[in-house]
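Undergrad: give me a 3D structure for the following:
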Amino acid sequence: MVESSGMNPESAQHWRTDFLAPVVESLRTEGAATLARGESWSKAAGPFMVCASPVT
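TA: Predicted coordinates for the structure are as follows:
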């Protein structure tokens, strides 16, 4: 999706490094633990927001 957005390579790398990577890493660590406890989890990095809820 980032490649097809029309962003130049520097902007695409900035998006991945500064916005996407922190949210993905948090989901793998704190998010996974929170969801395993049956709770909802959310994280924001700049304009990027992710929310997750456990499947019941």
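
Undergrad: and the residue nearest in space to the middle of the chain, what does it touch?
TA: Computing the C-alpha centroid of the chain and ranking residues by CA atoms, centre = their mean puts Val23 first, at 3.2 Å. Counting by CB atoms under 8 Å, 6 or more residues apart in numbering, Val23 touches 43-45, 48, 50. In short, each C-beta sits where N, CA and C put it, glycine included.

Undergrad: among those residues, which ones are buried?
TA: 43, 45 (16 or more other CB atoms under 10 Å).

Undergrad: between the contacts of Val23, which is nearest Ser11?
TA: Phe48 (14.0 Å; CB to CB).

Undergrad: list the contacts of the closest one.
TA: 19-20, 23.

Undergrad: can you check Trp41 too?
TA: Trp41 sits next to 27, 30-31, 34-35, 51-53 when contact means CB under 8 Å, 6+ apart.

Undergrad: pull out the buried positions in stretch 31-50.
TA: 31, 34-35, 41, 43, 45.

Undergrad: need the phi and psi values for the nearest residue in space to Ala52 that is not next to it in sequence.
TA: Excluding the flanking residues, the one nearest Ala52 by CB to CB, 6 or more residues apart in numbering is Trp41, at 5.0 Å. For Trp41, the backbone dihedrals are phi -140, psi 150 (criterion: degrees, to the nearest 10).

Undergrad: pLDDT at Trp41, what is it?
TA: Per-residue confidence (pLDDT) for Trp41: 93.
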